[in-house]
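Student: With the input below, show me the fold.
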Amino acid sequence: MGLILLEALLFLIYPQKDILHIIEVLPTLLILSSSLIFAILTSSVYHRLLQDEEDVFVSKLENMRLKRNPIVLMTVFNVREHMKQFSAHSITIGNLRSDTMTITTLLNPKCIPCKEVATEVIRMMKKFPARFLWQIRFDGIETEEYHPMNQVQLYLWELCRKEMDDRIKLQIINDWFSRQSPQWFSKKYPIDKISSDTIADFSIQCHENKLMEISKVPAIWVDGKALPKEYAISDLPILCIDRSFIQQSAN
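Tutor: Got it, this is the predicted structure:
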């Protein structure tokens, strides 16, 4: 852009008197003028985009500050319903410590919104493995016998109940939700059969789900409190610092 301005300036300072020469350089002048105009427009658009990005960043920063405000946290979470049931009948990934935030999700393994929630939690668990305990619950048909509608849920339960390594369990859940294909998944993780213990445990979970009276899935709880619509899963790593206010709202 600087070179274009210099050439245009020299042309204006030292004009040529020869009309024929002017005619010869006229195309060059037009090109230089067009380039100058294009450069100015490009620069204006670029600076506008930078300003827009800065405004978005400032807006997100102010939004997060508001979300972390103790009064806002306690007020918003205080009106959320606490989980009616707490049970060990769930797939658990992570460490249960006093400083660990517990995330409980009720998912349908075949629905797209549930896939989005699971993907977001998995991403967060991989990035902050020591901060969270993930309890995974699935909806299904309450029965003490094998039911085809519970096929995927039981398959995931059977795989995870035999696995002690949280990283492998997280990979199992990730692999399922990445494709949601029973054929592909069963080839990668073959099992002989679904055990009676798995069927019994899942039946208990389905009964508990009924008692919780959940209207739709996915459903998300943070330390036993339903996640407010004002907050996203991506907010949770920051809210870990302020989780004492969430816990106070549950008391």
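
Student: wait, isn't Q153 in contact with F202?
Tutor: Yes. Contact between Q153 and F202 holds when scored by CB atoms under 8 Å: they sit 6.2 Å apart. The C-beta positions use only the backbone N, C-alpha and C, and glycine is treated the same way.

Student: These two: which has the busier surroundings?
Tutor: F202 (28 against 24; other CB atoms under 10 Å).

Student: tell me the domain boundaries of the chain?
Tutor: Domains of the chain are assigned by automatic domain parsing as 2-67, 83-250.

Student: weakest of the ones you listed in terms of mean pLDDT?
Tutor: Lowest mean pLDDT within the domains of the chain: domain 2-67, a mean of 57.

Student: What is the burial count for the residue nearest to P237 when sequence neighbours are not counted?
Tutor: Spatial nearest neighbour of P237, chain neighbours left out: F128 (5.4 Å); criterion: CB to CB, 6 or more residues apart in numbering. Around F128 sit 14 other residues, with neighbours defined as other CB under 10 Å.

Student: what do you get for P113?
Tutor: Going by other CB under 10 Å, the residues that sit close to P113 add up to 12.

Student: I figured it hits F177, correct?
Tutor: No. Under the contact definition of CB under 8 Å, P113 does not touch F177, with a separation of 11.3 Å.

Student: Pull up the distance across stretch 177-197, start to finish.
Tutor: From the first residue to the last, stretch 177-197 extends over 24 Å; the measure is CA to CA, to the nearest Å.

Student: can you list the residues that contact it?
Tutor: Around stretch 177-197, the neighbours that count as contacts under CB atoms under 8 Å, 6 or more residues apart in numbering are 109-110, 114-115, 118-119, 122, 146, 151-152, 154-155, 158-159, 161, 172, 175-176.

Student: now do 7 Å
Tutor: Outside stretch 177-197, the residues that touch it by CB atoms under 7 Å, 6 or more residues apart in numbering are K110, K115, A118, T119, Y146, V152, L154, E158, L159, I172, D175, W176.

Student: Inside helices: which ones of the residues you listed?
Tutor: K115, A118, T119, V152, L154, E158, L159, I172, D175, W176 (DSSP state H).
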